[in-house]
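**Student:** 3D, please:
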Amino acid sequence: MEEKTFLTVDEVAELLSVSKSKAYEIVRQLNKELKAKGLITVAARVSKAYFYERMCYSKE
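**Tutor:** Residues are numbered from 1 along each chain as shown. Predicted structure coming up:
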């Protein structure tokens with residue numbers, strides 16, 4: 001099975017241990033940044049690579 005390239009709001013909330021409403025706020029902010037760079041975004045989802053980059057989050 002191919003690894004997903006996007007994280008859902010529920011996954012963001014779980015990874016950061018925040019509420020779902022806070023996760024929506026974070027996803028919207030990250031997608032706003034991506035749109036400003038001219039990239040296409042998907043509502044309620046965020047690029048996994050960009051999320052890890054911006055959150056200084058390590059999967060390890």
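**Student:** when you work out contacts or count neighbours from here on, use the C-alpha atoms and nothing else.
**Tutor:** OK.
**Student:** and the helices in this protein?
**Tutor:** Along the chain, counting by DSSP state H, helices occupy 9-16, 20-36, 48-55.
**Student:** show me what the longest one is packed up against.
**Tutor:** With contacts defined as 3 or more C-alpha pairs under 8 Å, 6 or more residues apart in numbering; DSSP states H and E, helix 20-36 has these neighbours: helix 9-16, strand 45-47.
**Student:** try 10 Å
**Tutor:** Here helix 20-36 touches strand 6-8, helix 9-16, strand 45-47, helix 48-55, going by 3 or more C-alpha pairs under 10 Å, 6 or more residues apart in numbering; DSSP states H and E.
**Student:** before we move on, the earlier item: need the helices of the chain in CSV with mean neighbour count, distance to Glu2 and mean pLDDT, can you?
**Tutor:** Formatted as CSV, the helices of the chain follow (neighbours: other C-alpha atoms under 10 Å; distance: least, C-alpha to C-alpha, whole Å; pLDDT from 0 to 100):
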stretch, mean neighbour count, distance to Glu2, mean pLDDT
helix 9-16, 16, 17, 97
helix 20-36, 16, 23, 98
helix 48-55, 13, 14, 93
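**Student:** the ones you listed into a markdown table, with extra columns for distance to Val42?
**Tutor:** Formatted as a markdown table, those follow (distance: least, C-alpha to C-alpha, whole Å):
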| stretch | distance to Val42 |
| --- | --- |
| helix 9-16 | 11 |
| helix 20-36 | 8 |
| helix 48-55 | 12 |
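**Student:** one step back: want to throw the helices and strands packed on helix 20-36 into TSV with distance to Ala23?
**Tutor:** Below are the helices and strands packed on helix 20-36 laid out as TSV (distance: least, C-alpha to C-alpha, whole Å):
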stretch	distance to Ala23
strand 6-8	9
helix 9-16	5
strand 45-47	10
helix 48-55	12
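**Student:** identify whichever of the ones you listed lies nearest to Lys35.
**Tutor:** Closest to Lys35 of the helices and strands packed on helix 20-36, according to C-alpha to C-alpha: strand 45-47, at 11.4 Å.
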